[in-house]
Every structure is written in C-alpha cells, then in structure tokens.
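In: Would you be able to build a 3D model of this:
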Amino acid sequence: MKDVTNPPSPVHGLSAPSEWIVRWSHLLAPGATVLDVACGAGRHMHWFAQRGHPATGVDRSPEATAAAAAFGTVVTADIEDGPWPFAGQGFGAVVVTNYLWRARLPDIVAAVAPGGVLLYETFAAGNESVGKPSRPDFLLRPGELLAACDGLRVVAYEDGFLSEPARFVQRIAAVRAPAAAADLPARHPLKAA
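Out: From the prediction side, this is the model:
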C-alpha cells in the first residue's frame, strides 16, 4: 500500500490534496467510485484516480472541468442555480472541500452509496475574523456539518481553528451503513494500515 501520510508533491497546475482527504482516504473500499463536488481543476480526482478509484467531478467552470477531465469523468453544471446532476446516483465516496451551498447538503449526503464515505471539509463561522470567505452564507454554523450527516456514522469530526494558513474549518469523515449489515460492527480504522 502507498504511503498516504506523505502526499506527493503537487502536479503542475494543481495544489496538493487536502490533508483531511488524504488522512481519511483509506476508508474507501478498493475501486470505489468517487464524486468530487466543486472539483476545480481536479486535485482530489487526481489523488483518487492514482489509487484506482474512478472519479467524477462537477464544477460550474468550463475551464476547471476541462483541466479535471484528465483525471476522470466531469460534468459542467451550476449546482446552485440548476438541478442536481446526480439524482438517484450513489458513489463509494463523495468529497467536498472549500465549498458550501446549504441547499445542496441533502443531495450531497444522499449521493453516498451504502457502504460509502463522505469526506467534507470547508470553512466555518469565525473565518470572517481571519480572512475570506467571510460571508455567513459560506461559513458553516457550529455543529451544522454534523447535523447534515444525520443518518451516517461519523468516524471523525473536527470544528476549530487551523493556523497554517489561518482559517476556521469544520470537517467530517462519515460512512453510510452497507446495504446488508453484518452481525459484527463495522470497523472503520482511524489510520491507514
């Protein structure tokens, strides 16, 4: 297994994947499909594609999806003012970083297939004191991400301040129970093997 504690250096034109996403990517089943919401140029699609996960990304920017297409399937769509393009579809993982559109939270959580994982990290209340985003529309309220994940099993959750770069965040790693639950409790390792 590859060492996921030391992510590779960024690909030309891409920033490194989120440390939170890297840390919890071991929760995905081998070969699980990944949906990257607000994928940008595809840094997380790239991360997962390198590990054998078919990746789909959605972003409203045609320039972003053109770049992300190198790492999987892309959909150019405005998910804030248009329909959710994945209605009725489930993914082995749904990944969201640095993005919040409250009206889509139920769709994002619903896109996690049975046995799948939600990895979500974005800005939280308090961020207005250190920089952008600063509008309440783009900052999670205390406990909001936990509430949105009702029905999923939370494996890890953080809500606080990070100093490099200075920002307030909420982030979660949560799993949906598999369709056929076994007699034994599911084991969700807290670190990669």
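In: Would you mind measuring from residue 60 to residue 140?
Out: Distance, residue 60 to residue 140, by Cβ to Cβ, to the nearest Å: 21 Å. For glycine as for every other residue, the C-beta is placed from the backbone atoms N, C-alpha and C.
In: Among those two, which residue is more densely surrounded?
Out: residue 140 (26 against 15; other Cβ atoms under 10 Å).
In: beta partners for that one?
Out: Taking DSSP bridges as the rule, residue 140 bridges to residue 124.
In: my guess is it contacts residue 120, does it?
Out: No: with contact defined as Cβ atoms under 8 Å, residue 140 does not reach residue 120; the gap is 9.5 Å.
In: tell me the strands in the protein, going along the chain?
Out: 34-37, 55-59, 73-76, 91-97, 112-123, 153-163, 166-175 (DSSP state E).
In: Mind putting these into a markdown table with distance to residue 49?
Out: As requested, these are arranged in a markdown table below (distance: least, Cβ to Cβ, whole Å):
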| stretch | distance to residue 49 |
| --- | --- |
| strand 34-37 | 8 |
| strand 55-59 | 5 |
| strand 73-76 | 10 |
| strand 91-97 | 12 |
| strand 112-123 | 15 |
| strand 153-163 | 23 |
| strand 166-175 | 20 |
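In: could you give the mean pLDDT of stretch 165-181?
Out: For stretch 165-181, mean pLDDT rounds to 90.
In: in it, what counts as buried?
Out: 167-176 (16 or more other Cβ atoms under 10 Å).
In: ok, the residues you listed vs residue 84, which is closest?
Out: residue 176 (17.5 Å; Cβ to Cβ).
In: Surely that closest one touches residue 94?
Out: No: the criterion here is Cβ under 8 Å, and residue 176 misses it with residue 94 at 9.8 Å.
In: Need the overlap of contacts for those two.
Out: 112, 116-118 (Cβ atoms under 8 Å, 6 or more residues apart in numbering).
In: Can you tell me which of the residues you listed are buried?
Out: 112, 116-118.
In: Serialize those to TSV and add fields for pLDDT and distance to residue 102.
Out: Below are those laid out as TSV (pLDDT from 0 to 100; distance: Cβ to Cβ, whole Å):
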residue	pLDDT	distance to residue 102
112	98	17
116	97	22
117	98	21
118	98	16
